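*Asks:* Take a look and give me a structure for this.
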Amino acid sequence: MLLEGIETLLILAQEGTMSRAGAKLYISQSAVSKRIAKLEATLGKKLISPSGRLIKLTPDAQALIESVGPSFSELRGLIFEQQTIEDHSIITIDCSETLVAGYLGKAFGDYRQQDKNFTITTHHTPVIIDNVRSGQATIGCCAGYLAPHNGLHYQHLLDERFRIVASTILHSPPEYLLVNDLKNPSNLYQAAILQKAGITPLMEMDSYTAAAQLALGGVAPALVPESIISALKIDPINCYHFDFLDQLTRPVHIIYRLKNATSPRVKKLIETIAGAVATTT
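*Replies:* Model (predicted):
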């Protein structure tokens with residue numbers, strides 16, 4: 001019951017409301033409230049307080065999350081490793097949206113003809129790492145630089161190149177660029193390279209697709225990976241390369257818990273993903 005309460009608190013901290021936490025956990029709002037109340041009684045501490053429509057965490061709750069959150073995620077992953085992956089087991093593949101759009105759509109479609117027992121979710125790289133560590137995803141397909149995380153195996157697939165997408169002719173690097181979220185840890189390296197090139201991020205998007213479309217619409221040139229340029233079929237006349245872009249390659253990895261890869265089904269999916277990226281590039 002203690003672990004159940006901690007899991008509920010962690011989800012509540014992410015979702016912000018009892019109703020959203022209940023939806024994430026597939027339980028009722030009242031069940032979420034009861035779990036938190038039991039955890040508070042067990043620990044002898046107040047963990048939450050109402051704040052309008054949202055839930056506010058107390059300092060004790062924040063300290064608890066910082067203390068046990070990473071260990072709890074790893075514990076969930078270790079428990080997940082003990083589960084046998086059968087022929088009918090659902091395998092979750094958590095991917096960067098750009099990789100699905102640019103490299104993996106057809107491969108997943110072809111693979112589904114032989115094995116329908118998998119599901120695909122899309123998130124940013126830090127969330128993908130957390131999901132694989134905790135066992136919420138079996139395989140992760142990540143784009144961007146990865147911080148070291150114990151317990152995960154990384155398979156490097158390629159270093160994806162960027163281009164500048166613009167609606168007007170560019171004879172030199174632009175002064176301003178639309179970029180993807182530079183606060184994302186996997187994108188942090190881009191900020192220093194852009195600064196060195198004398199380029200100022202004009203707007204930070206949550207989607208390379210949005211940045212590309214805004215660039216084509218004339219808002220400003222955008223930094224766009226080749227996978228999205230391919231997926232959107234952007235005309236080469238709108239795509240530019242400058243020397244500083246050679247330093248801006250984006251690493252693409254498959255990540256997974258090594259023990260899970262002993263499953264023939266998981267191993268085959270990993271090989272399929274790697275093969276699809278290699279073939280497309």
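*Asks:* use CA for all of it now, contacts and neighbours both
*Replies:* OK.
*Asks:* And the pLDDT at residue 58?
*Replies:* On the pLDDT scale, residue 58 is placed at 89.
*Asks:* now swap in residue 145 and tell me
*Replies:* 88.
*Asks:* Just confirm it contacts residue 186, I think it does.
*Replies:* Yes. Residue 145 lies in contact with residue 186 (Cα atoms under 8 Å); the separation is 4.6 Å.
*Asks:* How is the protein divided into domains?
*Replies:* Using automatic domain parsing, the domain parsing of the chain gives 2-81, 91-156+252-280, 162-248.
*Asks:* is it possible to export those to JSON lines including mean neighbour count?
*Replies:* Formatted as JSON lines, these follow (neighbours: other Cα atoms under 10 Å):
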{"stretch": "domain 2-81", "mean neighbour count": "16"}
{"stretch": "domain 91-156+252-280", "mean neighbour count": "18"}
{"stretch": "domain 162-248", "mean neighbour count": "17"}
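*Asks:* worst average pLDDT in these?
*Replies:* Mean pLDDT is lowest for domain 2-81 among the domains of the chain, at a mean of 81.
*Asks:* nearest residue to residue 91 other than its sequence neighbours?
*Replies:* residue 118 (4.5 Å; Cα to Cα, 6 or more residues apart in numbering).
*Asks:* where's that neighbour relative to residue 254, distance?
*Replies:* The gap separating residue 118 from residue 254 is 16 Å, by Cα to Cα, to the nearest Å.
*Asks:* how about the strands of the stretch 101-250 of the chain, start to end?
*Replies:* Using DSSP state E, counting those that start in this stretch, the strands found in the stretch 101-250 of the chain span residues 118-122, 139-143, 153-160, 162-165, 176-180, 200-205, 222-225, 239-240, 250-256.
*Asks:* who wins for proximity to residue 41 among the ones you listed?
*Replies:* strand 118-122 (35.9 Å; Cα to Cα).
*Asks:* What helices and strands are in contact with the closest one?
*Replies:* Here strand 118-122 touches strand 91-95, going by 3 or more Cα pairs under 8 Å, 6 or more residues apart in numbering; DSSP states H and E.
*Asks:* what's the strand it packs on in contact with?
*Replies:* Identification of contacts with strand 91-95 by Cα atoms under 8 Å, 6 or more residues apart in numbering yields 117-125, 128, 131, 136-142, 266.
*Asks:* Now do the helix or strand following that strand: distance to the chain's middle.
*Replies:* Downstream of strand 91-95, the next assigned helix or strand under DSSP states H and E is helix 97-99. Centre-to-centre, helix 97-99 and its host chain are 10 Å apart (Cα atoms, centre = their mean, to the nearest Å).
*Asks:* What residue in the chain is the furthest from its centre?
*Replies:* In terms of distance from the mean C-alpha position of the chain, residue 44 ranks first, at 35.7 Å (Cα atoms, centre = their mean).
*Asks:* Give me the phi and psi angles of it.
*Replies:* phi 70, psi 30 (degrees, to the nearest 10).
*Asks:* Now do the contacts for residue 152.
*Replies:* 132, 133, 255, 256, 257, 258.
*Asks:* Not counting residues beside it along the chain, what's closest to residue 73?
*Replies:* Using Cα to Cα, 6+ apart and skipping residues adjacent in sequence, the residue nearest residue 73 is residue 134, 4.5 Å away.
*Asks:* Cool, thanks, signing off.
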